[in-house]
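Q: Mind looking at a prediction? Sequence and model below.
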Amino acid sequence: MAEVQSTTPAMRLSRIGKRPVVIPAGVTVTIKDSTVSLKGPKGSSSRTFSTDVKFVQKDGTITVVPQASAGLSAARLQGLSWALIKNMVEGVSKGYALSLDLYGVGYRAELAGQNLTLALGLSHQVKVTLPVGVKGRVETIDEAGTKRPRLHLESHDKEMLGQIAAKIRSYRPPEPYKGKGVRYTGEKIRMKAGKAGAKGKK
């Protein structure tokens, strides 16, 4: 009697997640179990991933391979892990940058080391400590004779950079009538018309 071999349906893979991530020159990779550590000219980054995926380093690339235990989540886990690894590689090799503009009379930003002090038209100054791994710089922008502070933030960690920028913006989100507040550089605010009030009344 011929031996019957069990078969499993082909695992569905992510179209993007199955692509190898190229490791640039100057970046070193260490893979230990589910933890991937990267070191490059802009910093070091390490993350522990799900045990349902493994990482294969070969010929200057990293490939994300889902394990059989991933089941129906294979494509999702592979795509997510690929995106995170790609962001880590980009961060330690080139870095990420974000800028915030302060719109408002008397709005100021001062940076001493990692300590950021903001004057945002509130009854008190806002003090923020930038996390380790995030660098800041304050610049004065002059547009058509109007000067305002611009805060530049840089980091090798895209997630950390986004979180601290969102936190700073949350202290004074841009309001839709005069546009005062903290906004990302280049961010467009949908303005609203102010109340007519007593216009036209005698």
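A: Received it, and whenever you're ready, just let me know what you need. Numbering: from 1, shown residues only.
Q: Counting by contacts, list what the longest helix that the chain contains packs against.
A: Scanning the chain for the helix with the most residues, using DSSP state H, yields helix 74-93. The contact analysis (3 or more C-beta pairs under 8 Å, 6 or more residues apart in numbering; DSSP states H and E) places helix 74-93 against strand 21-22, strand 35-40, strand 43-48, strand 53-58, strand 61-66, helix 158-170. Glycine gets a C-beta too; all of them are placed from N, C-alpha and C.
Q: Can you list the buried residues in the next helix or strand after the last one?
A: Translated: helix 158-170. Using DSSP states H and E, the helix or strand that follows helix 158-170 towards the C-terminus is strand 181-184. Across strand 181-184, burial judged by 16 or more other C-beta atoms under 10 Å covers 181-183.
Q: Ok, stretch 65-85 next?
A: Buried residues in stretch 65-85 (16+ other C-beta under 10 Å): 65-66, 70, 74-75, 77-82, 84-85.
Q: Domain-wise, how is the chain divided?
A: Per automatic domain parsing, the domain ranges recorded for the chain read 21-93, 96-184.
Q: quick revisit: list the strands paired with the next helix or strand after the longest helix of the chain, with their directions.
A: Using DSSP H and E, the helix or strand that follows helix 74-93 in sequence is strand 96-103. If you go by DSSP bridges, strand 96-103 pairs up with strand 146-155 (antiparallel), strand 181-184 (antiparallel).
Q: deepest of those strands, which one?
A: Among the strands paired with strand 96-103, ranked by average contacts under mean count of other C-beta atoms under 10 Å, first place goes to strand 181-184 (a mean of 20).
Q: Residue 187 should be in a strand, yeah?
A: No: counting by DSSP: H, G, I helix; E, B strand; the rest coil, residue 187 is not found in a strand; it is coil.
Q: Give me the neighbour count for it.
A: 11 (other C-beta atoms under 10 Å).
Q: Return the per-residue confidence for the residue nearest to residue 121 when sequence neighbours are not counted.
A: Nearest non-adjacent residue to residue 121, counting by C-beta to C-beta, 6 or more residues apart in numbering: residue 104, 5.3 Å away. pLDDT, residue 104: 91.
Q: Same check on residue 191?
A: 79.
Q: Locate it within the secondary structure: which element?
A: Counting by DSSP H and E, residue 191 is part of no helix or strand.
Q: Could you list the low-confidence segments of the chain?
A: For the chain, residues meeting the criterion pLDDT under 70 lie at 1-11, 194-202.
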